[in-house]
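Colleague: Pasting the sequence and the predicted model now:
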Amino acid sequence: MRGSPGNLARRVEPDAIYNNQMVTRLINGIMRDGKKSVAQHQIYSAFNLIKKDHDDALVVFQEAVKNISPQMEVRSRRIGGAAYQVPVPVRGNRKTSLVLRWLISEARKRSSKEYPTFAQKLAAELLDASKNEGGAVKKKEATHKMAESNRAFSHFRW
């Protein structure tokens, strides 16, 4: 067993080029049908596209992750036959999971006419997110707005 029975989180090895665990998690999130080398190629191509305009792609990636990270979310809680949306803080590993999921889904939604390859879509989404724009940042803001509007139910937090 890798860790203690209470800790079920898998340890992710850092990627080969940037030596960063978040990049590896992004690669794993993009990977389809177990084709990791294809996912790596797409990520590194996106990072190379970012490098053309900016000095360090990893800094842009980390800034984007910071801007997308949600602080609060709502969870459903049933009390007396009614379901309430209760705002709760987002903790560590879930926060990074949400960031990467939103980043990938918003990159995939981008127009194929404007950005023909996935690497271009991902690079554009990362650049937008690092400037506090783009679909993933909008998703975070919508989550925060939902938590703010349901603040009256925060006393139901468990």
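Modeller: Done, it's in.
Colleague: For the residue lying farthest from the centre of the chain, what are phi and psi?
Modeller: Distance from the C-alpha centroid of the chain, by Cα atoms, centre = their mean, peaks at G80 (34.5 Å). Per-residue torsions, G80: phi 60, psi 40 (degrees, to the nearest 10).
Colleague: wait, what's in contact with it?
Modeller: Neighbour list for G80: empty [criterion: Cβ atoms under 8 Å, 6 or more residues apart in numbering]. Just so you know, the C-beta spots here come from the backbone N, C-alpha and C atoms, and that holds for glycine as well.
Colleague: and it, how far is that from F156?
Modeller: Using Cβ to Cβ, to the nearest Å, we find G80 at a distance of 11 Å from F156.
Colleague: what residues are shared contacts of those two?
Modeller: Applying Cβ under 8 Å, 6+ apart, one finds that no residue jointly contacts G80 and F156.
Colleague: quick one: I17 is in a strand?
Modeller: No: counting by DSSP: H, G, I helix; E, B strand; the rest coil, I17 is not found in a strand; it is coil.
Colleague: Please name the nearest non-neighbouring residue to it.
Modeller: Leaving aside its sequence neighbours, I17 sits nearest to Y44 (Cβ to Cβ, 6 or more residues apart in numbering; 6.4 Å).
Colleague: What lies in contact with whichever strand or helix holds the one you found?
Modeller: Assigned by DSSP states H and E, Y44 falls within helix 36-53. Identification of contacts with helix 36-53 by Cβ under 8 Å, 6+ apart yields 15, 17-18, 23, 26-28, 30-32, 57-58, 60-61, 117-120, 122-123, 126-127.
Colleague: got any ranges where this structure has weak pLDDT?
Modeller: Scanning the chain for pLDDT under 70 picks out the ranges 1-7, 157-158.
Colleague: so where do the helices sit in it?
Modeller: Using DSSP state H, the helices found in the chain span residues 21-30, 36-53, 57-68, 92-109, 118-130, 135-149.
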